[in-house]
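In: no sequence on hand, only this structure:
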Ligand SMILES: NC(=O)c1ccc[n+]([C@@H]2O[C@H](COP(=O)([O-])OP(=O)(O)OC[C@H]3O[C@@H](n4cnc5c(N)ncnc54)[C@H](OP(=O)(O)O)[C@@H]3O)[C@@H](O)[C@H]2O)c1
């Protein structure tokens, strides 16, 4: 069986930076995203840093069960086993509490909560119990705080945190490691893709954040790190 790292939302921002750092560390990587052109563009950039490691792409909306099942089927058919799953795909839509709509709630929850749960569930289902699997859930400092204008986003990330904590309890004693990551603001297209204007001055470089995350995750074999909070220096 060939071992692989899966990065959801690997076609941009933090996910792309995580994928690049994994490849530089010699790990084969599969990136998931909803847009094939974006995935191909990311793969071309990743191939430039990959050296001997391999990059694959798959169109997968993590909030769509059929897409997630298709991803599981792809792994099984290619004899691939997941060593590290980075649940990174995320959406940020922000509004006053009185302006929440079904469309907005579905959009945010699809990637941040439902997608994280569906992809985790599928990978757990198909990964043999004897195979060590590390699941890294990228949440946000908004999973630890309640922020103004972020009710729906905070709800999705607090939900992801609740799921992560319960998952850790359920899988204790098994060959499954659950790592929770709580990053602060980063200079990515996160706000731009949803048409929101945000001053990113002072926000963190996603490459630096990715390097910290990947270094801890890949080198915590004997001492397991459970929670990583990364914030900018004041
Ligand atoms: N940027 C920040 O300030 C910040 C701060 C704290 C936490 N975070 C969290 O960090 C993670 C990465 O954010 P980012 O800043 O890198 O955002 P980004 O630049 O907007 O990248 C998000 C990635 O997720 C993918 N994606 C979105 N919805 C998806 C879905 N339903 N299924 C599969 N892929 C999906 C996007 O590609 P497609 O749109 O093509 O699918 C893209 O590759 C998110 O979970 C976010 O909540 C971000």
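Out: Right, received. Where do you want to start? Because the structure is predicted, anything quoted here is derived from the model rather than measured. Residues are numbered from 1 along each chain as shown.
In: what does this protein have sitting close to the ligand?
Out: Residues of the chain lying close to the ligand by C-beta under 6 Å from any ligand atom are 8-9, 11-15, 32-35, 38, 61-63, 88-92, 110-111, 115, 138, 140, 183, 185-186, 188-190, 193. The C-beta positions use only the backbone N, C-alpha and C, and glycine is treated the same way.
In: so what's the residue nearest in space to the middle of the chain up against?
Out: The residue lying closest to the centre of the chain (C-alpha atoms, centre = their mean) is residue 88, at 1.3 Å. Residue 88 sits next to 7, 8, 9, 10, 14, 15, 18, 136, 138 when contact means C-beta atoms under 8 Å, 6 or more residues apart in numbering.
In: and which of the residues you listed is nearest to the ligand?
Out: The closest of the contacts of residue 88 to the ligand turns out to be residue 9 (C-beta to the nearest ligand atom; 2.5 Å).
In: hang on, the earlier thing: tell me the confidence at the residue nearest to the centre of the chain?
Out: pLDDT, residue 88: 98.
In: need phi/psi at it.
Out: Dihedral pair for residue 88: phi -120, psi -20, per degrees, to the nearest 10.
In: ok, now residue 230?
Out: phi -120, psi 120.
In: and it, how many neighbours?
Out: Residues contacting residue 230 under the criterion other C-beta atoms under 10 Å number 16.
In: repeat that for residue 92.
Out: Neighbourhood size, residue 92 [other C-beta under 10 Å]: 22.
In: what about the strands in the chain?
Out: All strands of the chain, identified by DSSP state E, fall at 2-8, 29-33, 55-59, 80-87, 133-138, 176-183, 227-230.
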